[in-house]
Every structure is written in structure tokens, then in C-alpha cells.
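*Asks:* below is the structure, and that's it, no one-letter string:
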């Protein structure tokens, strides 16, 4: 007996351009049950008449009455997030300025795709979010990614969904959040897991040496090139090349990387014969690539090529109770010769309330220090607070200058990251307090709405 046919997932398409809406409806109708609305009011009316909320919503920002502004689209995202939180919202819009992208994401959109877009890319990006909704949380955790929070379960699910895609993946996230670990699992869960996984930090080399690291060089091609050298693209074979700190790639090498991404072709330094690479590229940066594009330091075409698929690693603050799971995990990883420490009730409460601005890297370093200083002891809250520089500064236990000095000398410190983190935290708190109402949040922060968009753009 034949199994009953599985209904296609539902997709709500909101776009006022009739030609675009009809084209997308035709293109997507082979995989989705598509319903179409031309503006916010029509969309709300359609939703209220449907028995079930849509699995996906594909929303344009520029909706009537003023299609040159994103206000109606953002208001619709806010409405969907509030009343249909299980619907995954993807923005498809030509209004792709950084402030609009950040505003859409802050209100609940899971992705932002600029118009015009490649049809295959659009389908691939929609498909990953259908999987998240249908499957829910992962029942096969990736062993090295510790946690049970919804944010980390979503990350695991997206890693599994994107692992075998042929497209590049741009891995976003704050410093210390675990972008390299996410890249590792994208490789390990792919069908090329038996091929090499290579990591290159683009900030660690100067221009000529970095080009040699990437593409290799011929003997005698520059001073000191006494032997020919295979580059990372060649060494990776059909495996994965993870380019960390991609924002620091010089502009001339960005053009050469773009060529590899477009047709797999590259040249060793000093050679005129093209070579072919089958490596998949993953990229990450703790700097904003969109800011770098705006400032002329990063090619826009390369940005769009690298960000065909994006994966965001959540901050530790977004992961809630994972802080305690990570505490236990890193204690178990310590040298077996060290007796484990324990936290008393007050110290454990302090641990769970602490923001960890340095994310998982900071948490791990605190565990290392506590294990070394207090083996076999029960640690009280005042002792734990001494290891938490941000907590100590807030409570006046150390001077502001000492706190700044501690941060300045911490591993991976970046001033722009620190400033963005503080500003972003205030914005997040204001949006939470105002139920994601942008106007109310702006008033709470003492700025107007357009200024708030601008601040979000800089974060």
C-alpha cells in the first residue's frame, strides 16, 4: 500500500511587485504551498483566515504605502514574530543597507537575501529553515558543541543541513564564541570528511606570504623561494579550507579568491599555468564584512559570494543554562592530576548570571585558572568574582582602569568588538523591554528611530 503523500511546507510570500511575486510563486510552487500578499494589511488578513501558520515567510521590506522605506516590512516582521513565532522569517529585499539588515534580524528575521538573487541560492537558503521547523531540535548532538539551549540546538541543526552544500558558508559570531569549531563540524558532517580540513588565519601573514600560503609558489618566484611550494588550496584537495579573519585579506588577494570561488581556478606565484581547486571554502571574521564593504576595504562581489549561506554562532549570553554545562565540560577536560573544584550555591548563581563578554573562550580560561588555583576546593562567590573582571568592575571591586587593563591584555582583544558589544547589549535590553517595538526602544535609549537604526548598523 502506498504511503500517503507528504504535504509541501507552506510559504507566505509578501511583495508588492506583481511581476516579482508571480515569478517567485511559479519558481517556488514545486516545493512549497505558496500564498501571496502585496502589503501588510493583506498579509495579516490572509494569516487570520488560515487554519495553520506558514512554515516560512518570505518578506520584502519596501511595502506600500511607501515602498522606498523599510518601515512596513519591519513592522510586518515584528507582527509575525509576536503572533506567529514558529514561522521562520526570511527577508528578500533590495533595501539591503546594513542598518536594514540588522533591524530585520533584531526583530526576528533568520536571514536576509538581497535582490536580485540567484534562484538556486534562494531555494538552498529557504530549505535549511524548513528543516529546522520540521525537525525541531537535534537528537544526535555534535559531541564537541556542548549545550542544550534552543540557540545551540539551532546551530547544530544548521550545521547538519549546510554540511553537504557545495556553496561557501560565512560563519558569523562574536570573538570567542566558537566559529572555528562550527567550521570543523561543517567539514566532519560533509561527504568529504575524509579529505583534509585546513585552517588559514588571514591576519597572520603579510600580503606576499599570504598569497603563497593560499596558492603556492614556483621556485625562484621571489626572494627566498628556494623550492616550489604547494598552497592551501592545493593541499586541501577536495576537502575544506577555513579562512579565518577573512576581513584582513588584502584587496588584490580578494580578487584572486573570487576567481577560485567562481570557477575553481588559481595560479601559483611565478606560474602562468592555471590550476584547479575542488576545495570548499568556509570563512569567518570577528569584524563586520558589511562595514568593510562600506569603507572600501572588502569587495562587495566577494562578500555576496562568500555569504551564499550564513551560519551564526550564538553568544554565550544567548545560551542561558549552557553556562553550567560548559563549566562541567571544561572541568572534565582538565589535567587528571588536578582535583576538581566545586562552586557553592551563591557562586553557582553568580556563574549563571555573569554575561561572559569573552564568550566560551573566557569561560574556558576562568575554569583553567580556578582549576589551577583551587584544586579540590569549594569556591565561594567572592573568590569567583575575582576571576570575572567585568563583574568586579561593575561592583566596584576593582578600578575601571584595572578592568580596562585586564580586558586590553586578554586573548583576542579587539577595541571595535568591545565597543560594539556594549552598544549592542544596551540595544538588545531596550528591545526586550519594549517587546521589539523600535520606536519605544529608541525613546528608552534617548535617541530617535533613525539614529537607533544607525547604531544597529555599526554593531
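*Replies:* That came through, no problem. The model shown is predicted, which means the values in this text are computed figures rather than measured ones.
*Asks:* mean confidence score for stretch 88-102?
*Replies:* With pLDDT averaged residue by residue, stretch 88-102 scores 87.
*Asks:* how's this structure carved up into domains?
*Replies:* Per automatic domain parsing, the domain ranges recorded for the chain read 10-135, 150-314, 317-408, 415-458.
*Asks:* out of those domains, which gets nearest to residue 144?
*Replies:* For residue 144, the closest of these is domain 150-314, at 6.1 Å, according to Cβ to Cβ. Every C-beta, even on glycine, is put in place using the N, C-alpha and C of the backbone.
*Asks:* quick one, helices of the stretch 351-459 of the chain?
*Replies:* Listed in chain order, the helices found in the stretch 351-459 of the chain under DSSP state H, counting those that start in this stretch are 359-373, 381-385, 389-394, 400-408, 415-433, 438-445, 449-458.
*Asks:* likewise the stretch 51-200 of the chain?
*Replies:* Ranges of helices in the stretch 51-200 of the chain, per DSSP H, counting those that start in this stretch, are 71-83, 98-107, 119-135, 150-162, 179-188.
*Asks:* run through the neighbouring helices and strands of the fourth one.
*Replies:* This points to helix 150-162. Using 3 or more Cβ pairs under 8 Å, 6 or more residues apart in numbering; DSSP states H and E, the elements in contact with helix 150-162 are helix 119-135, helix 179-188, strand 309-312.
*Asks:* list the buried ones in that helix?
*Replies:* Buried residues in helix 150-162, counted by 16 or more other Cβ atoms under 10 Å: 151-162.
*Asks:* the first one too?
*Replies:* Buried residues in helix 71-83, counting neighbours by 16+ other Cβ under 10 Å, are found at 71-81.
*Asks:* mind telling me which of the helices and strands packed on helix 150-162 the model trusts least?
*Replies:* helix 119-135 (a mean of 69).
*Asks:* between the buried residues of helix 150-162, which sits nearest residue 109?
*Replies:* Closest to residue 109, out of all of those and judged by Cβ to Cβ, is residue 154, at 14.1 Å.
*Asks:* returning to that earlier point: wait, which of the helices and strands packed on helix 150-162 is closest to residue 106?
*Replies:* Relative to residue 106, the nearest member of those by Cβ to Cβ is strand 309-312, separated by 12.7 Å.
*Asks:* the following helix or strand past that closest one to helix 359-373, inter-axis angle?
*Replies:* Per DSSP states H and E, strand 309-312 leads on to helix 322-333 as the next helix or strand towards the C-terminus. Helix 322-333 and helix 359-373 are oriented at 50 degrees to each other (axes from the mean of the first three to the mean of the last three Cα atoms, to 10 degrees).
*Asks:* ok, then the element right after helix 322-333?
*Replies:* Following helix 322-333 toward the C-terminus (DSSP H and E): strand 342-343.
*Asks:* still on that earlier bit, among the buried residues of helix 150-162, which one lies nearest to residue 114?
*Replies:* The nearest one, if we look at the buried residues of helix 150-162 relative to residue 114 and count by Cβ to Cβ, is residue 162, at 19.2 Å.
*Asks:* name all residues that make contact with that closest one.
*Replies:* Each residue near residue 162 by Cβ atoms under 8 Å, 6 or more residues apart in numbering is listed here: 128, 169, 186, 309, 311.
*Asks:* just residue 39 next, same as before
*Replies:* Going by Cβ under 8 Å, 6+ apart, the list of residues near residue 39 reads 14, 16, 63-64, 72.
*Asks:* report the buried members of these.
*Replies:* 14, 16, 63, 72.
*Asks:* tally of neighbours for residue 363?
*Replies:* 21 (other Cβ atoms under 10 Å).
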